[in-house]
Every structure is written in structure tokens, then in C-alpha cells.
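S.K.: Dropping the sequence and predicted coords here.
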Amino acid sequence: MLDIHFIRENADIVKEAARKKGVEVDIDRLLVVYEERKKLEQELESRRAEQNRASKTIALAKGAERDKHIEAMQHLKAGMAESEEKYKKVMEEWEKLMLAVPNIPSPDTPEGPDESGNKVLRQWGEKPAFPFAAKAHWDLGKDLGLIDTEKAGEISGARFSYLLGDLALMQFALIDLVMKTITSRDMVARIAEKAGLAVDTKPFIPVIPPVMMRADVMGRMARLHPIDERYYFEKDDLVLVGSAEHTLGPLHMNEIIEEAKLPIRYVGYSTAFRREAGAAGKDTRGILRQHQFDKVEMETFVRPEDGYREQDLLVAIQEHLMQALTLPYEVVIVCTGDMSKPDQRQIDINTWMPGQGVYRETHSSDYMGGFQARRLNTRVKNAAGEITHVHMNDATAFAVGRTLIAIMENYQQEDGSIRVPDVLVPYVGKEIIRRPA
RNA sequence: GGAGGCGUCGCAUAGUGGUCUAGUGCGCACGCUUGGAAAGCGUGUGAACCGAAAGGUUCCGAGAGUUCGAAUCUCUCCGCCUCCGCCA
């Protein structure tokens, strides 16, 4: 949600933002409704003031005098009911319009209708040149006994899978790698320095968050809709999270944080659940697009003026981890038509998948500004006592499944085996994953 | 799942229909005092909205209701605690 004062003073900017994002919202109507709201509010408030004064008189009065005052109050009250009803309706419309207003894209966000408008900022690494036909991960997974989607289909349905043997071990290896890296102040400092970022080097707090949450709180994260994308349990009014971000973001809901405590950084590990409602027939092979996958997610809270730099740090961390795995990737700034409504700036990392011959999205980094914080009521108070909304960033550390795909396809060898990336060897306990005897 | 208790200004508490624009203590801030500090004393001490300001309105878990008037009474929901049952 944006600040109504900001919308009023910058109606053109907001309209332009909605147009660029392809969001339908009538800003002029919103402003009219806001004026109505204010008018009604003032009217109601002055009547209430009168009521409060009269109430005190009654408390002190006695006998017939008192009865007279009470009767007068009854009249006053009857006159208010209509205004109150009108006010309620106006508020409802106001809220509905406010929730429809998208966040303003950053100045460096390219304008575009969809994915085709995204801009590659940089590329890193060398695509492996195999002297043989590269296999896709689903073939590698089947041949080496690492992935079983057929059995999962019988047990759970499409878009579920069993990860087996060394691939399961490698999942824990990835989680351990990222946890050890970013919970260390020293490592955060090194990554920031390498990226040339002057930021606080406070390390991340590791979290295992809940994977189910109240529907209304997810709504406040601006992540409930489209509801078809969520697994929703009506009986309990609970939703399965689509990312750890969904339960990490509200960690400071309804709080006022002392500015000195910022930045606050969390790294959460959780399973993520997605219905993939609009993706029928898309990426049905392998484990790229699953109903259930595990993810390590970063979520940070910073002062408004540190928001963009914080996102740069999160992207630097993502790149550091991918470089540690020596996986070729590209960094992409997502255009207006492809970014989500609460985003101010979205940066993705796409990783080269030789088996499929394309870059596929493995990371996303969302800078929300104060958009989510306003709805979550998460605020920050500075030394002067001024209160503003905290700025929030979330970003993938590892989408484990997709990272495993990238490793499998990039590290495959001619004999059908997979080399384990050097940094993961100590965790996995071997250098080569071969077909089981 | 059963039984009971409780949710008040950062924390702890008071408050059982009109003087509550919520008292007190702690904490915090400022001042006095002091060579300096502690103690002591004094003053202040939340948020949202409207307003140029003065000021006004709202908020005692959330919502609805009763009443001229609700922190206080009623209902629904949410959360927390205790005991019992079940259980990774």
C-alpha cells in the first residue's frame, strides 16, 4: 500500500506506475473518495466532540435537568447514524481502491509488457562446452537414480518428486553452505566489500519459519492473490506459504523498531508450496516447476534510505553463492510488466541449464520499499523520534531444486556421471555421483 | 479434545457504567543537586487520523451489541497461560 498523501501529491506518477505495470485502478476516483472520507470524518468528529461535552454535563447534572440533557443526546445520536453509515461505505470503497494501487517501479526499471522486456545487466561464468550431447536433468536424474517423478506421480500426483541418494545429500549441502556463509559477519563483510557496497555487515539470523499462515496476514504481505496459486485450507482459514518470505516478512508486524536495531536480517529455510494453477502443460518434465520445493530465503528490514543498497547486497550474496558453485548465470532487471505489484525493483538471476540450452530463473530479489510495511504496520523510529515505515527486501538464497538442476546439468560428464562442485564435496562426501551398482 | 483463568500506554500493575482527556511503579529523557557519579527531588514520557495552528477525534486483543454515556455489561472471534487427555 502507498501513502495516500503521496498519491495525492503525485497522482501523475502513480497513474504512470499503474499503466506501466498494467494495473487497472482509478486514481481520480480514489482522490474523490478520499476527499469525501475527510469531509465525513470531520463532520462525525465535531459531532462526537459535542457528544463528549454533553456526556460530561449529564454526569454532573441531577433530576429534571439531567433528563432534559439525556433527551437532547438521544436526538443528537439519531442524527449521527446516517453519517456513520455513509462513512462506512466510503471507507470500504477507499480501502478497496487503495489496495489496488501498485508500488512505483524504480527509475532504473525498464518498461515492458512482459518477460521480453527484462534487461540483462551482466553475465558471469562460462557455459560448459560438452563434447557430447548434454542431458536434461530429468534424464540424468532417472539414469542415476536421483529423481523419481513416476513413483511420486502415483503417490502424490503430477509436479511432485522423490529426491534420492546423493541428490538428497546435496540438498542439505546447499542449505549448509548458505547458512554458514551468511550467518557469518566476516563473510557478509567480504561479500559487501567485493561488490563495492558500503553497507552494515550485520549477519543474518537463521530461522525455521512456519509454513502455514493466516490468510489475512498473507493478504497484508500482498501475496495472497491470486488465491488460485495458493493452497488454502478453508476449515482453518490457513494458507500454505509459497515462500519462507511469506512468514518472515510479518515477523515485525505491528511493531515500532528502534532505528539503531536496523538492519535486521533473516535467512529462513522452508518448504514452499505452489499450485501452479496457470502453468498447465508448462515445464512438466523433471523438477523445475513443482508443487512443493525447498528454499532458503533472505528477508531484511532497513532504513528507507538503505533500501536499494540492501537489495544490491542481497544480489551480491546470490552471485557469491553461484560463483562458489561455479554456475554460469545472468543477472536480469525485471521490467514493469513482469514484476509483481508490491515490487519497487525486482532483480532475477537466471542460471544456464545446458541440458535445456537456456537460462532459467533460479533467484529473485524483491525490493518493496515501504509498500509491504505499510500494510503490515511495521515501523521504524529514529533518534529524533520520527516514525516512518521500514523498508523491506526479500531474496532467494537458494531455490534448492532449481540449483540442484543447474548443478546436475552443468556438472554432467560424458559417462553419465555428475561431478560434485568442489565446495560441496566435504558435505556430500564424494567427488563423483555415479550410477549405483 | 475436556475444564478453568487471562488479554489495559516499552515492562509490571490499578481500574466492575459518567470526575478515565486511563492512575501508580519500573524503565527512559531532560533539569536541579554534585568535583564527578549514584541516590534524592522536579518535569516530561504511546500511536493513528483531520487541521496552517489552536485544537479535535479515535485506540484499553479484534469485531458486533446494550446504553444518553463502555476499559468496565452482553455476544462472537483471536491470542496467551494452567490442569487433564492425546501425541512427533
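M.R.: Done, it's in. Residues are numbered from 1 along each chain as shown, chains lettered A, B, ... in the order given.
S.K.: In the stretch 151-300 of chain A, which residue sits nearest RNA strand B?
M.R.: Scanning the stretch 151-300 of chain A for the residue nearest RNA strand B gives residue A:256, at 6.4 Å (criterion: Cβ to the nearest atom of the strand). Placement of C-beta: from N, CA and C, glycine included.
S.K.: Return the set of buried residues in the helix or strand bottoming out on mean pLDDT in chain A.
M.R.: Ranking every helix and strand in chain A by mean pLDDT, DSSP states H and E puts helix A:63-100 at the bottom, with a mean of 82. For helix A:63-100, burial by neighbour count (16 or more other Cβ atoms under 10 Å) applies to A:69, A:73, A:80, A:87, A:90, A:94, A:97, A:98, A:100.
S.K.: name the helices or strands packed onto the helix or strand that contains the residue of the stretch 151-300 of chain A closest to RNA strand B?
M.R.: If you go by DSSP states H and E, residue A:256 is part of strand A:255-258. Judged by 3 or more Cβ pairs under 8 Å, 6 or more residues apart in numbering; DSSP states H and E, strand A:255-258 is in contact with strand A:378-381.
S.K.: What helices and strands are in contact with the strand it packs on?
M.R.: strand A:255-258, strand A:387-389.
S.K.: For those, could you give me a markdown table that also reports mean pLDDT and mean neighbour count?
M.R.: Below are these laid out as a markdown table (pLDDT from 0 to 100; neighbours: other Cβ atoms under 10 Å):
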| stretch | mean pLDDT | mean neighbour count |
| --- | --- | --- |
| strand A:255-258 | 88 | 13 |
| strand A:387-389 | 89 | 15 |
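S.K.: which one of these lies closest to residue A:166?
M.R.: Comparing the helices and strands packed on strand A:378-381 against residue A:166 with Cβ to Cβ, the closest turns out to be strand A:255-258 (43.0 Å).
S.K.: in whichever helix or strand comes after that closest one, what's buried?
M.R.: Downstream of strand A:255-258, the next assigned helix or strand under DSSP H and E is strand A:264-273. Neighbour-count burial for strand A:264-273 flags A:264, A:265, A:266, A:267, A:268, A:269, A:270, A:272, A:273 (criterion: 16+ other Cβ under 10 Å).
S.K.: Each with direction, which strands does strand A:264-273 pair with?
M.R.: Partners of strand A:264-273 in the sheet, by DSSP bridges, are strand A:205-207 (parallel), strand A:292-302 (antiparallel).
S.K.: by contact count, what packs against the very next helix or strand once past the shortest one?
M.R.: Per DSSP H and E, strand A:205-207 leads on to strand A:212-214 as the next helix or strand towards the C-terminus. Strand A:212-214 makes packing contacts with strand A:238-240 when contacts are defined by 3+ Cβ pairs under 8 Å, 6+ apart.
S.K.: Pull the distance from the first helix or strand past the strand it packs on going along the chain to the chain's centre.
M.R.: Sequence-wise, the next helix or strand beyond strand A:238-240 is helix A:245-248, with elements assigned using DSSP H and E. Computed by Cα atoms, centre = their mean, to the nearest Å, the chain-centroid distance of helix A:245-248 equals 7 Å.
S.K.: Kindly report the same for stretch A:45-65.
M.R.: That offset, for stretch A:45-65, works out to 51 Å (Cα atoms, centre = their mean).
S.K.: can I get the CA coordinates of it in CSV?
M.R.: Extracted in CSV, the C-alpha atoms of stretch A:45-65 (Å, rounded to 0.1, in the frame of the first residue of the first chain):
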residue,chain,number,x,y,z
GLU,A,45,-15.7,14.2,14.7
SER,A,46,-17.3,17.5,15.5
ARG,A,47,-20.5,15.7,16.4
ARG,A,48,-18.6,13.3,18.7
ALA,A,49,-16.9,16.3,20.3
GLU,A,50,-20.4,17.7,21.1
GLN,A,51,-21.5,14.3,22.4
ASN,A,52,-18.5,14.1,24.7
ARG,A,53,-19.2,17.5,26.1
ALA,A,54,-22.8,16.7,26.6
SER,A,55,-21.9,13.4,28.3
LYS,A,56,-19.9,15.3,30.9
THR,A,57,-22.8,17.6,31.6
ILE,A,58,-25.1,14.7,32.2
ALA,A,59,-22.7,13.1,34.6
LEU,A,60,-22.8,16.2,36.7
ALA,A,61,-26.5,17.1,36.3
LYS,A,62,-29.3,15.9,38.6
GLY,A,63,-33.1,15.3,38.4
ALA,A,64,-35.1,17.0,35.7
GLU,A,65,-32.1,18.9,34.4
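S.K.: buried set for that stretch?
M.R.: Result for stretch A:45-65 [16+ other Cβ under 10 Å]: buried residues A:47, A:54.
S.K.: any bit of it sitting next to RNA strand B?
M.R.: Yes: Stretch A:45-65 reaches RNA strand B (Cβ under 7 Å from any atom of the strand) through A:45, A:46, A:48, A:49, A:51, A:52, A:53, A:54, A:55, A:56, A:58, A:59.
S.K.: interface residues of the stretch 201-350 of chain A facing RNA strand B?
M.R.: Remark: the part of the stretch 201-350 of chain A in contact with RNA strand B comprises residue A:256, using Cβ under 7 Å from any atom of the strand.
S.K.: returning to that earlier point: out of the helices and strands packed on strand A:378-381, nearest to residue A:115?
M.R.: Taking Cβ to Cβ, strand A:387-389 is the member of these nearest to residue A:115, at 30.3 Å.
S.K.: so what does the closest one touch, helix or strand wise?
M.R.: Using 3+ Cβ pairs under 8 Å, 6+ apart, strand A:387-389 is in contact with strand A:378-381.
S.K.: Next one, pLDDT for the closest residue to residue A:434 other than its chain neighbours please.
M.R.: Leaving out its chain neighbours, the residue that sits closest to residue A:434 by Cβ to Cβ, 6 or more residues apart in numbering is residue A:417, at 4.6 Å. At residue A:417, the model reports a pLDDT of 95.
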